[in-house]
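Participant: Sequence below, structure please.
(one chain, ligands or ions: 3)
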Amino acid sequence: MLKIAIQAKGRLNEQSLELLSEAGIRVAESKRKLISRAEGFPLEVLYLRDDDIPQAVSMGVADLGIVGLNEVAEKGFAVEQLMDLGFGGCRLSLAVPRTADYEGPDFFRGKRVATSYPNILARYFAEKGIEADIHTIEGSVEIAPAVGMSDAIFDIVSSGGTLISNGLTEVEKVFFSEAVLIAAPDLDRAKRTEVGQLTFRFNSILDSRDMKYVLMNLPQERLDEAIRILPGMRSPTVLPLAQEGWCSIHAVIDKAQLWERIERLKAIGAEGILILSLENMIR
Ligand SMILES: Nc1ncnc2c1ncn2[C@@H]1O[C@H](COP(=O)(O)OP(=O)(O)OP(=O)(O)O)[C@@H](O)[C@H]1O
Ligand SMILES: O=P(O)(O)OC[C@H]1O[C@H](OP(=O)(O)OP(=O)(O)O)[C@H](O)[C@@H]1O
Ligand SMILES: [Mg+2]
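Facilitator: Ligands and ions are numbered 1, 2, ... in the order given. You can find the predicted model right below:
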């Protein structure tokens, strides 16, 4: 049976469970149990600290893991990166006190920088040829400059709210991250097949998140124009309406193009337009 490691609690826990649930996999929400058997797929779920997931997967303690790419890059264990999961988006950035005179990365020469990501930061400084003093701390990195522990920090930024409330300014965006699915390097054939079934489900969920299902009524004589506007998976579905001279068109549209297409369709006489969310999409 496959084993997947997910974060026990914290930022990625809820969305990891939600992804499993959308893939038809039910797991008992663990409060104290660190391992639980799923229903709907032959899978066991291990609940770990996110820092420990890359190592657990690299050792084969878990076959799969859901974890931030930042942790994968920081820990450097050999794992296979299977797919991006579309949540947990953040970046690792250098930030300095608002009052500091910052003109570029040379600022960091000889400075003390506090971080929980010393390896990623060391690689960045090495690339730039900068020698700085990296102080590793486990958490609450943003208060380090205010308490005199460091001159700057390197930490996770998303909205930037935490930096602002600690009097810091983001000056270099170094590493972009989101939650990823990782796999142990040497899975056997049977496990690879199961992993393929799981990633197939995940991909269809992620694909459907970017798409909307649209249906509308249209005068029959404008049909050719509408087909040119609508993409569809192959081409739009067209059904006759009971009322002579009218038809109903159904299509799947990328969210990014949705409103522009709707406006063009309205302009050629589309009415009764319905826009629905897709649950899954199998290409
Ligand atoms: N503000 C944020 N916005 C989006 N994603 C974030 C944010 N903060 C963290 N993440 C992502 O979520 C992951 C887990 O963050 P969290 O703060 O829960 O970690 P943690 O405190 O180290 O948890 P653990 O107890 O499991 O060690 C991070 O490694 C990062 O990939
Ligand atoms: O740019 P922002 O949107 O403010 O997010 C960044 C903050 O989010 C994370 O901490 P989290 O809130 O998960 O708490 P933690 O310190 O307990 O990990 C991260 O460690 C930053 O401190
Ligand atoms: Mg952690």
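Participant: all contacts plus neighbour counts: C-alpha atoms, from now on.
Facilitator: Fine.
Participant: residue boundaries of the helices in this protein?
Facilitator: According to DSSP state H, the chain carries its helices in the segments 13-22, 53-59, 69-75, 118-128, 161-165, 189-209, 223-229, 258-267.
Participant: Tell me which of those helices lies nearest to ligand 2.
Facilitator: helix 161-165 (3.7 Å; CA to the nearest ligand atom).
Participant: can you tell me if that closest one touches ligand 1.
Facilitator: No: with CA under 6 Å from any ligand atom as the criterion, ligand 1 is not reached by helix 161-165; the gap is at least 8.5 Å.
Participant: Buried residues in that helix, which are they?
Facilitator: Under the neighbour-count criterion of 16 or more other CA atoms under 10 Å, helix 161-165 has L163 buried.
Participant: Ramachandran coordinates for E244?
Facilitator: phi -50, psi 140 (degrees, to the nearest 10).
Participant: Contact partners for S150?
Facilitator: The contact partners of S150, by CA atoms under 8 Å, 6 or more residues apart in numbering, come to 111-114, 135, 144.
Participant: Could you measure from it over to A95?
Facilitator: Counting by CA to CA, to the nearest Å, the gap between S150 and A95 amounts to 11 Å.
Participant: again with L181
Facilitator: L181 is 29 Å from A95, where distance means CA to CA.
Participant: What's the local residue count around K191?
Facilitator: K191 is flanked by 15 other residues according to other CA atoms under 10 Å.
Participant: And A38, by the same measure?
Facilitator: Using other CA under 10 Å, A38 has 18 neighbouring residues.
Participant: tell me the contacts of it?
Facilitator: 25-28, 44-45.
Participant: Quick check: residues of this structure near ligand 2?
Facilitator: Within the chain, the positions adjacent to ligand 2 are 11, 139-140, 156-162 by CA under 6 Å from any ligand atom.
Participant: Which one (most neighbours) among the contacts of A38?
Facilitator: The most crowded member of the contacts of A38, judged by other CA under 10 Å, is V45 (24 neighbours).
Participant: isn't that residue right up against R37?
Facilitator: Yes: with contacts counted by CA atoms under 8 Å, V45 reaches R37, the gap being 6.3 Å.
Participant: Give the intersection of the neighbour lists for these two.
Facilitator: V27.
Participant: What is the burial count for whichever residue of the stretch 151-283 of the chain sits closest to ligand 1?
Facilitator: Nearest residue of the stretch 151-283 of the chain to ligand 1: S158, at 4.7 Å (CA to the nearest ligand atom). S158 has 13 neighbouring residues, counting by other CA under 10 Å.
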